[in-house]
Each structure stands twice: as structure tokens, then as C-alpha cells.
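> Please work out how this folds:
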Amino acid sequence: MFLVSNLLNATAIVLDMILTVYFWMIIIRALLSWVNPDPNSPIVRFLKSATDPVLQPVQRWIYYRLGLRLGGMDLSPIVVIMAIYFAQAFLVKSLQDLAMRLG
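Below you'll find the predicted structure:
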């Protein structure tokens, strides 16, 4: 059983690291939107291509389903950050707890 326990613990650690990196990518993307960066920059293009698949559905959900329009203020990074915190608090912690009980 210790192999399953170690696998679950390693999965939790890697998932936590991935979520943390994605959290910072969302933060940087939101900060860059304030300064209007060069859209041809490789860093800006990478951040946009990495975060758009998550941010755009959330934007559509906020604006079209909920009807929230706040004068051009984009709430999608806040919603995604809250989802990341939830995943870290629930999913990662649950995997770690399960690994401890199995080990």
C-alpha cells in the first residue's frame, strides 16, 4: 500500500506546483493588461495562449450568463484564482490526507 500512498502524495505535490505556477501566470497576465504590452512579445503571446483557454470561458460565463458588466473591468482572473485556491485547498489536501491514511 505504501506505493499507492507515495503515488498519491507525489500527485498532490505536482498538482499543487502546477496550480501555483498557473496562479502566477494569471496574476502576471492581469497585471500586464493594465500596461498594454507589446502583443508581439513572446512572453505576452505565451501568457495569452496559456491563460486564454481558461479565462475566456469564465469571461463568457460572467458576462453572458450572469450579466455582470462592470465598466470594462474583467473579473475572470479573480474567479480563476478563487478556483485555483479551492482546488489547492480541497483536491490537493484531500489527496495528501488519503496518502497519509494509506501509508
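> Look through the protein and tell me its longest helix.
When the chain is parsed with DSSP state H, its longest helix is helix 2-35.
> now for it, which elements pack on it?
Applying 3 or more C-beta pairs under 8 Å, 6 or more residues apart in numbering; DSSP states H and E, one finds that helix 2-35 contacts helix 42-60, helix 76-87, helix 93-102. C-beta coordinates here come from the backbone N, C-alpha and C atoms, glycine included.
> got the angle for that helix vs helix 42-60?
100 degrees (axes from the mean of the first three to the mean of the last three C-alpha atoms, to 10 degrees).
> buried sites along helix 2-35?
Neighbour-count burial for helix 2-35, counted by 16 or more other C-beta atoms under 10 Å, picks out 8-9, 12, 15-16, 19, 22-23, 26, 29-30.
> Go through the residues you listed and name the one nearest M100.
The shortest approach to M100 among the buried residues of helix 2-35 belongs to N9, at 7.9 Å (C-beta to C-beta).
> Relative to P57, how far out is the residue lying closest to the closest one once chain neighbours are set aside?
For N9, ignoring the flanking residues on the chain, the nearest one in space by C-beta to C-beta, 6 or more residues apart in numbering is A99 at 3.9 Å. Applying C-beta to C-beta, to the nearest Å, the value for A99 to P57 is 31 Å.
> With neighbour numbers in mind, choose between the two.
A99 (20 against 12; other C-beta atoms under 10 Å).
> quick one: low-confidence parts of the protein?
By pLDDT under 70, the chain contains no weakly predicted segment.
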